[in-house]
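**Student:** I need the structure of the sequence given here:
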Amino acid sequence: MTNKILFISGFLMLFVQCSKEGCSDVNALNYDSKVSKDDGSCVYVGCNDPDAFNYNPIASSDSIVCIYEGCTDSVAVNYNPKATISTECIYNNVGSWNTTKQEYIDSTYLTSNGVIIPNTNTTTTTTTPTDSLSPNQIDFYNNGTIISYYPSEPIHVGNWSILSDNLSFELNDTSLVMKVDTVNSVFLRLIGVSTDTIIINSVSNSLTTRHSIFEFSRN
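**Tutor:** As a prediction, the model looks like this:
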């Protein structure tokens with residue numbers, strides 16, 4: 001009887017010694033091939049930030065660099081300071097801009113009783129010299145304020161707003177609407193269209209369409 005008890009006790013001791021607890025997942029950092037019972041202590045390497053592109057929901061060791069998608073250009077509307085992989089950036093007119101070009105294209109037609117007379121079109125292009133650009137700088141602020149700077153005049157402060165691509169601004173009691181033709185991280189082009197009619201006589205008029213092209217570089 002005593003020998004039987006000793007045998008059972010020895011068997012149980014051997015079973016306890018052979019039964020090892022630990023991490024049994026081969027994908028874990030602390031995997032142990034000798035473990036026979038998983039005790040939930042597995043450690044997984046990966047990014048544990050749910051906002052990251054390479055987020056690993058089971059990661060418990062943040063030894064992997066987290067990767068974030070987003071726009072990496074600080075002047076963009078959708079700039080993401082955490083982004084490490086750049087995606088599409090979105091830009092608008094907000095910012096400080098130096099004037100680099102002012103060009104005016106005038107197309108003039110003669111009309112008779114409201115109908116354009118064929119072969120009467122003339123087109124002229126006028127480009128402002130670089131040292132005469134006015135204004136020479138425009139700043140657009142998020143709060144709708146616009147400040148324009150001139151070579152030999154005081155600064156002008158006004159308001160701006162935008163609807164679709166149509167940029168409206170008011171400066172010194174003057175209202176102007178121009179289309180945002182191009183805008184990116186370093187460049188802005190605005191195009192305005194206006195018409196002027198000169199009455200020649202009771203049936204004939206001179207109709208001029210002006211395209212104003214303003215280009216800027218971002219400060």
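
**Student:** ok, now which ones touch Val75?
**Tutor:** Val75 makes contacts with Tyr91, Gly95, Ser185, Arg218, as judged by CB atoms under 8 Å, 6 or more residues apart in numbering. Every residue, glycine included, has its C-beta placed from N, CA and C.

**Student:** hang on, I meant Gln137
**Tutor:** For Gln137, the contacting residues are Ser96, Trp97, Asn98, Thr99, Ser148, Tyr149, Asn219, by CB under 8 Å, 6+ apart.

**Student:** quick check, nearest of the contacts of Val75 to Asp165?
**Tutor:** Tyr91 (12.4 Å; CB to CB).

**Student:** Test of understanding: give the bridge partners of Ile199.
**Tutor:** Per DSSP bridges, the residues bridged to Ile199 are Asn205.

**Student:** mind checking pLDDT for it?
**Tutor:** Model confidence at Ile199, given as pLDDT, is 83.

**Student:** My understanding was that it contacts Asn205; is that so?
**Tutor:** Yes: between Ile199 and Asn205 a contact is recorded at 5.6 Å, counting by CB atoms under 8 Å.

**Student:** quick one, which of these two is more surrounded?
**Tutor:** Legend: neighbour count by other CB atoms under 10 Å for Ile199 and Asn205, higher for Asn205 (17 against 9).

**Student:** Need the pLDDT of that one.
**Tutor:** Listed pLDDT for Asn205 reads 86.

**Student:** and what of Ile8?
**Tutor:** As predicted, Ile8 sits at a pLDDT of 45.

**Student:** which residues of the protein fall in strands?
**Tutor:** 21-22, 37-38, 69-70, 85-86, 95-112, 115-116, 122-127, 137-140, 145-149, 156-163, 166-171, 174-183, 187-199, 204-218 (DSSP state E).

**Student:** Of the contacts of Val75, just say which sits nearest to Asn159.
**Tutor:** Using CB to CB, the contacts of Val75 come closest to Asn159 at Gly95, 16.6 Å.

**Student:** and the closest one, what are its bridge partners?
**Tutor:** The partner residues for Gly95, given DSSP bridges, come to Phe140.

**Student:** sorry, back to before: mind giving me the ChimeraX select for the contacts of Val75, buried ones only?
**Tutor:** Listed next is the ChimeraX selection for buried residues among these, using 16 or more other CB atoms under 10 Å:
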select :91,95
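
**Student:** Enumerate every residue touching Asn80.
**Tutor:** By CB under 8 Å, 6+ apart, the contact set of Asn80 is Tyr68, Glu69, Gly70, Cys71, Thr72.

**Student:** Can you tell me how far Ile116 is from Phe140?
**Tutor:** Here Ile116 is placed at a distance of 38 Å from Phe140 (CB to CB, to the nearest Å).

**Student:** Comparing the two, which residue is more hemmed in?
**Tutor:** Neighbour count, other CB under 10 Å: between Ile116 and Phe140, Phe140 has more, with 20 against 13.
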